[in-house]
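Enquirer: 3D model of this:
(one chain, ligands or ions: 1)
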Amino acid sequence: MNPGDTFAGLWREFEPLGRDPQTGGYRRYSWTPADAACRAWFTDQAQKRGLAVEPDNNGNLWAWWGQARADAIATGSHLDSVPDGGGFDGGLGVVAALAAVDLLKAKNFNPERSVVLAAFTEEEGARFGVPCLGSRLLTGAIDPQAARNLTDDAGVTLAEAMTAAGCDAGLIGPRDDLLGAIGAFVELHIEQGRALAPLGAAVGLAESIWPHGRWRLDFDGQADHAGTARFADRHDPMLPYAATVLAARQIAARAGALATFGKVIAEPGGSNGVSAAVRAWLDVRAPDEDTLRDTVTSIRSAAEEFSAEHGVTLTVRQESLTREVRFDRDLRDRIAAVLAAPPVLAAPPVLPTGAGHDAGVLSARLPTAMLFVRNPTGVSHSPAEHAELADCEAGVRALAAVLENLAGPAVSADHAALADPARPPEPMGPARP
Ligand SMILES: [Zn+2]
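Expert: The predicted structure follows:
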């Protein structure tokens, strides 16, 4: 079977789901009709392959190939998107998992360890603010009651959204039984950044995920008339906010970190008035935890200073914080050896990334690894995000080879030799997230 036949066919079906016709971007927000369409499609495809689909009460779906519920090999990614995101971020890993199962079934592979395909919910945190919410709930990294009370921009709580989608939010929380049945998790994901293209590599392996977090800054000033209020009398929250945006960029650049204000709400939002308040969300990522903490502290001090200058009250709240993730070294070496051997024959570059992933959250509980598929422009979280079909197919072949090795018969002497590759992968500079 040509792997393109199965992947390309699946991709054609999946690609239109949740795409906004005006922007061409994706709005696959959790617990919305677009999300339901993605979940229904995944469930249908898994069942067509004879896989038993089980929800885990947290919104994540698990499709089992094989009966044994111990030491299973899990693969997959997330179905949700950022506002007007690209179609590959998340979806590629889910579709590639289905296509990899097809490749393995076509060669009559029978997994000795069960293979389970995962489709995670709310990885981006685009609706409820906390990234990797599905995997955090699964692993117990977030309190279920705190999660139920999270609200979207319309004030709808997660509990209400789940109820509206026909799920019982009272059941969310850690699933140690499920995690205990999984021996390793491998997530295939589109590259976010542009490290593979200059190397001529279609597929790479993850080394680490930068520590990162989100902070909400509320600048509370005083609403006034744009035509009559003198500058000297104003308490305009837009000014300290604007100064903070510029300062964050300079502070982060000096530290070798990244700081981004990607979401801002001016209240009440009149075009002819001084705002009463500006609500802004700051995303910071850094190569290590000390740099992350120092960067946030400096940005916060700058924001306090600017606010004081303008008689504006500043409140800063941390919405999420994710520690540095070092992916499992043994698993990574084993995967690198599999990919360097027939039929894939390409030693993958090993890359750090600034982007968070469910694999990072799961790494606290399981050996995890990530495969990246080349992104020729590096653009992600945008409708311009793209991967070539041939590279997606290379990713599917790589994932299938990895699943075959991990879930296949016990490691033979030949396979054991592969664990010590002649040419170990070289770590390289940080990819842009
Ligand atoms: Zn993603």
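
Enquirer: burial measure for Trp281, as a count.
Expert: 16 (other C-beta atoms under 10 Å). To be clear about C-beta, it is placed using only N, CA and C from the backbone, and glycine gets the same treatment.

Enquirer: er, Lys107 actually
Expert: So Lys107, with other C-beta under 10 Å, has 9 neighbours.

Enquirer: same deal with Ala154?
Expert: By the criterion of other C-beta under 10 Å, Ala154 has 7 neighbours.

Enquirer: now do the phi/psi pair for it.
Expert: Dihedral pair for Ala154: phi -90, psi 0, per degrees, to the nearest 10.

Enquirer: do Tyr29 as well
Expert: According to degrees, to the nearest 10, Tyr29 has phi -80, psi 150.

Enquirer: who's in contact with it?
Expert: Counting by C-beta atoms under 8 Å, 6 or more residues apart in numbering, Tyr29 makes contact with 35, 80-81, 126-127.

Enquirer: isn't Ala401 up against Leu345?
Expert: No. If you go by C-beta atoms under 8 Å, Ala401 and Leu345 don't touch, sitting 9.9 Å apart.

Enquirer: find the residues that touch each one of the two.
Expert: Leu339.

Enquirer: quick one: which of the two has more around it?
Expert: A count of neighbours by other C-beta under 10 Å puts Ala401 above the other of Ala401 and Leu345, at 21 against 9.

Enquirer: next one: the lengthiest helix in the chain to chain centre, how far?
Expert: Looking across the chain with DSSP state H, the single longest helix is helix 289-309. Between the centre of helix 289-309 and the centre of its host chain there is 26 Å, according to C-alpha atoms, centre = their mean, to the nearest Å.

Enquirer: avg pLDDT for that helix?
Expert: When pLDDT is averaged over helix 289-309, the result is 98.

Enquirer: CA atoms of the helix or strand just after it as PDB?
Expert: Counting by DSSP states H and E, the next helix or strand C-terminal to helix 289-309 is strand 313-322. Extracted in PDB, the C-alpha atoms of strand 313-322 (Å, rounded to 0.1, in the frame of the first residue of the first chain):
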ATOM      1  CA  THR A 313      -4.100  50.000  39.000                       C
ATOM      2  CA  LEU A 314      -2.300  46.900  37.900                       C
ATOM      3  CA  THR A 315      -3.200  43.400  38.800                       C
ATOM      4  CA  VAL A 316      -1.100  40.400  37.600                       C
ATOM      5  CA  ARG A 317      -2.300  36.800  37.800                       C
ATOM      6  CA  GLN A 318      -0.500  33.700  36.600                       C
ATOM      7  CA  GLU A 319      -2.800  31.600  34.500                       C
ATOM      8  CA  SER A 320      -0.500  28.700  33.800                       C
ATOM      9  CA  LEU A 321       3.100  27.700  34.300                       C
ATOM     10  CA  THR A 322       4.800  24.700  32.700                       C
END
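
Enquirer: ok, Ala364 to the ion distance?
Expert: 18 Å (C-beta to the ion, to the nearest Å).

Enquirer: how about Phe372?
Expert: Distance, Phe372 to the ion, by C-beta to the ion: 11 Å.

Enquirer: tell me which element the residue in the stretch 151-300 of the chain that the ion sits nearest to falls in.
Expert: Residue nearest to the ion within the stretch 151-300 of the chain (C-beta to the ion): His189, separated by 5.6 Å. Using DSSP H and E, His189 falls within strand 182-190.

Enquirer: near the ion, which residues of this protein? Just list them.
Expert: 89-90 (C-beta under 5 Å from the ion).

Enquirer: the residue most distant from the middle of the chain, which is it?
Expert: What lies farthest from the middle of the chain is Thr228; by C-alpha atoms, centre = their mean that is 47.0 Å.

Enquirer: for that residue, what are phi and psi?
Expert: phi -120, psi -20.
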